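[1] predicted model and sequence follow; I will ask about them next.
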Amino acid sequence: MLTLTDIERKEYSNIWVVAEVSSGAVQPVTHELIGAARELADARKSEVWTVAMGSDISSDAKSLFAYGADKVIVVDDARLDGIQDEVEAKALVRLINKYKPEVVLCAATVKGRALIPRVAVMANCGLTADCTGLSIDPENGDLLQTRPAFGGNILATIRCSNHRPQMATVRPRVMKAPEPDRGRQGEIISECILDTDADKVKKIIEIFHSSEATLNLSDARIIIAGGRGMKGPEGFELLKKFASRVGGAVGASRAAVDAGWIPYTHQIGQTGQTVQTTLYIACGISGQIQHLVGMQSCDVIVAIDKVPDTPMMQMADIAIVGDLFEIVPEILNELPKL
Amino acid sequence: MKIVVCIKQVPATNDAKIDPETKRIIREGLKAIMNPFDTYALEEGVRLREKLGGEVIALTMGPPKAEAVLREALAAGADRGILLSDRAFGGSDTWATSYALAKAIEKIGDVDLVICGKQAIDGDTAQVGPGISAHLNWMQAASVMAVEQVDESCITVKRMHEEGHDICKMQLPAVLTVVKDINTPRIPSLKGRLAAQKAQIPVWKPEDIGADPDKLGLNGSPTRVVKTQPPDPRQTDTIRIEGTAQECARALVRELRLRSLV
Amino acid sequence: MLHHIQNKIYHVEILPPKQESEKLEKDLELFAQKYTRVMESGYCACITDNAMGNLSFQGTEMIQELELPVIPEQVMIHLNTFHTKENLDEILNDCVNLGIKYLLIISGDGSERLPKLKPSDIGVTGSESVTSVELLQYIRREYAGKFVLGVAFNPYEPPEHEFEKMERKIAAGATFIVTQPLIEKNAVVDRLLEKYPDIPVIVEAWMSKKLYLLSEAVGYTIPEDQDYDPIATLKMLHQTYPQCGVYLALLGFKRQYDLIKDIWV
């Protein structure tokens, strides 16, 4: 495979962020990525560039300087309306070849995860998905990309020494967005879509935005789960309220699903789904092994139960002993208002 | 319609037991199964063939024992299976894997549609489907939750994304990656299983698909895994909170804020 | 079902081969041998439905493929809620055609690969999910008079919850009850017998020495006992529960089978 010499490698500089644009607006995950890119660029004494591609996004693009971007490439074209993997990939590869970035970061969203593997193949470079840690080897500029594999059971560190740019995706809310500095300035570079980029355009027939975000368990960052202790379907109404307040999804143990309190699609465990969230709050779940295998890789586990010594209460990072029907409403009171 | 379904054999993590010390899944001795997402891809391929006629070809790359997932695909309705297996394929990352699969799809010839699962549960990268499409320079649709319409030159699909879904139409040939919402995969019948056991499954090597050896396996992979380590074991010191409901709630919200979780 | 108890007919559990079996032909042959032996003994063969969520072949397709004879009084099929509607009706119609009339209706164990019946599939309103209760209602409604329906009772679950469920199961059409395996006299089962004196109850005997498997099956930890003696336990169950039938789980066909013929006399 075509690999680079040391001299060729040195032609590549700057850290790029591909802005996540949907419904004509730059999404917050972009700010998180710019924050991560800023640290990498400072280590390399280079610049952060953001590429914002979409239809009617020019005004939004300027806001990115505040988060740490030095330059923003704006590609504003009506043909980028909707998710157009093929057009965006071609344009992005053309820009990569023109400006030669050292690193390209992209959001691990549905859109980013479809676009960037296409770009990586076309640009002949390596790509690491869902990184949780990024740093630079000062010796050679290699990006050290850490990612969980095997349902969170191992952490792999990945390098891509002989190819540039080095590409990585990061899930939303994994990196922290920096505080914006509204006075910060930068340079806008306008680029456009060439007709040769747009030889394969999808016809978008309909776009449907769900009013109530139907969060998939596997995509959720926070899960509020209930078990037999929820006592009935009304108990799950309380958990739904809790979940929507923290932007999470509702999960359930098998006992609760078997009792008919909540549909099977919410079941977590050996006979349901496996999840790996940053926060898992188990309400009235005793913690049969079959449930534990489905959620044991979550970062922080909170258990709320009357019974102080269930397996779930023992496994939890934070165990609250008490009546969840009293405690959960109090939590809703204590949480910052959205 | 000629449909290729790409399948991966993966370890069955959902069968795993927990190590009482580290509270992590014990990885040793796990069974090898068909990647769960690929069962949906296969079912969609079989349903399209049942509706439109044609052929479903199950394709996998892996060690010789990966043949088992092809037999499973045959039992579940695929017409034939092809195994890419050779030492030269070993150590492939997603770039090299999608290259090899794309070359095999070219070799099969006249393929209208390639269907992949959204991602494999061992690597979780979701990169091979779009990668195949890039190598072939075909159109692609990721996270497809429904195939709305297919005619001779175009396919219309419903794609799922964070904020809802869209419906889009694109030219064939194309590559789809599918999510679980798309269908309910059938369970193979005993008859199907018995017939699949007798099927001949050809094994293709790099020379059979005209692959450039420099683009295969470790040589062809831009990325290198340089280190693997277990994540820190679950901390076993549980913080216990007791008291009135309000005290408990306050203490929890404080803990969660300290960790930037809410 | 009452005459099964009166005539001392054992219920012998047989597991169909798993989908993933690497020696399918051999497993099929073994299944046929076990089934035939149970028929010849005059016992009732109880065929599981993806037990423990393990993807397995259906009893009905095993009987068809292996061309096994069905003696209506001697075959019971487990049926759980992890099927597509299409598949459920196929199994039920196969049962009707084969002459199988005893069904043990359970919620069952799922797995990632097993589809779960949706409430809308079988015309359920007012419940978010399909349990054995809704499945019973569906079968009684759509296959009226075709089957004798039984349900499971788990004395290891919190009893109030389990008794409340049993009320709904009986109301939905269950006419016999099979307990989870007992290894000693059980106060919750005693209560069950008191509460439903007119409903035939079959207690399950755990015929494997491996009690940890039982823990996995019932979902609660049964203390390990190196000296667990299945045959002695079976005798004890007959003495303790003379009014009940007995279901033999994990019966060893090589040695144990010959030992049981003189126990229940």
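    Noted; the coordinates are in hand. Numbers count the residues shown, from 1 in each chain, chains lettered A, B, ... in the order given.

[2] now the helices for the stretch 51-200 of chain B?
    B:67-75, B:94-108, B:128-136, B:190-198 (DSSP state H, counting those that start in this stretch).

[3] would you agree C:E25 falls within a helix?
    Yes: per DSSP: H, G, I helix; E, B strand; the rest coil, C:E25 lies within a helix segment.

[4] for the stretch 51-200 of chain C, what spans make up the strands?
    Here the stretch 51-200 of chain C has its strands, by DSSP state E, counting those that start in this stretch, at C:75-79, C:102-105, C:148-153, C:176-182.

[5] who are the packing partners of the first one?
    What it means is strand C:75-79. Using 3 or more CB pairs under 8 Å, 6 or more residues apart in numbering or on different chains; DSSP states H and E, the elements in contact with strand C:75-79 are strand C:44-47, helix C:59-65, helix C:85-98, strand C:102-105. Just so you know, the C-beta spots here come from the backbone N, C-alpha and C atoms, and that holds for glycine as well.

[6] which stretch among those comes nearest A:M167?
    With distances scored as CB to CB, the stretch of the helices and strands packed on strand C:75-79 nearest to A:M167 is helix C:85-98 (44.0 Å).

[7] pLDDT averaged over that closest one - what is it?
    Mean per-residue pLDDT for helix C:85-98: 96.

[8] select, out of the helices and strands packed on strand C:75-79, the one closest to chain B.
    Chain B lies closest to helix C:59-65 among the helices and strands packed on strand C:75-79, at 4.6 Å (CB to the nearest CB).

[9] that closest one vs chain B: in contact?
    Yes: contact of helix C:59-65 with chain B (CB under 8 Å from any CB of the partner chain) involves C:61-62, C:65.

[10] can I get that helix in CSV, CA atoms only?
    Extracted in CSV, the C-alpha atoms of helix C:59-65 (Å, rounded to 0.1, in the frame of the first residue of the first chain):
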residue,chain,number,x,y,z
GLY,C,59,-40.6,-30.0,18.9
THR,C,60,-43.1,-29.9,16.0
GLU,C,61,-40.4,-29.8,13.3
MET,C,62,-38.4,-32.5,15.0
ILE,C,63,-41.5,-34.8,15.1
GLN,C,64,-42.2,-34.1,11.4
GLU,C,65,-38.7,-34.4,10.2
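
[11] show me what that helix packs onto, helices and strands only.
    Under the contact criterion of 3+ CB pairs under 8 Å, 6+ apart, helix C:59-65 touches helix B:190-198, helix C:24-41, strand C:75-79, helix C:85-98.

[12] now A:C125, nearest residue through space, not along the chain?
    Spatial nearest neighbour of A:C125, excluding adjacent residues (CB to CB, 6 or more residues apart in numbering or on different chains): A:H163 at 4.3 Å.

[13] contact partners for the one you found?
    A:H163 is in contact with A:3-4, A:124-126, B:222, counting by CB atoms under 8 Å, 6 or more residues apart in numbering or on different chains.

[14] tell me the pLDDT of it.
    You'll see A:H163 listed with a pLDDT of 93.

[15] then the one 5 residues further on?
    A:A168 is assigned 97 on the pLDDT scale.

[16] for A:R171, same thing?
    You'll see A:R171 listed with a pLDDT of 82.

[17] and the nearest residue to C:L66 once chain neighbours are set aside, how far is that from C:V12?
    Distances taken as CB to CB, 6+ apart place C:A32 nearest to C:L66, at 4.8 Å, with adjacent residues excluded. Separation of C:A32 from C:V12 (CB to CB, to the nearest Å): 14 Å.
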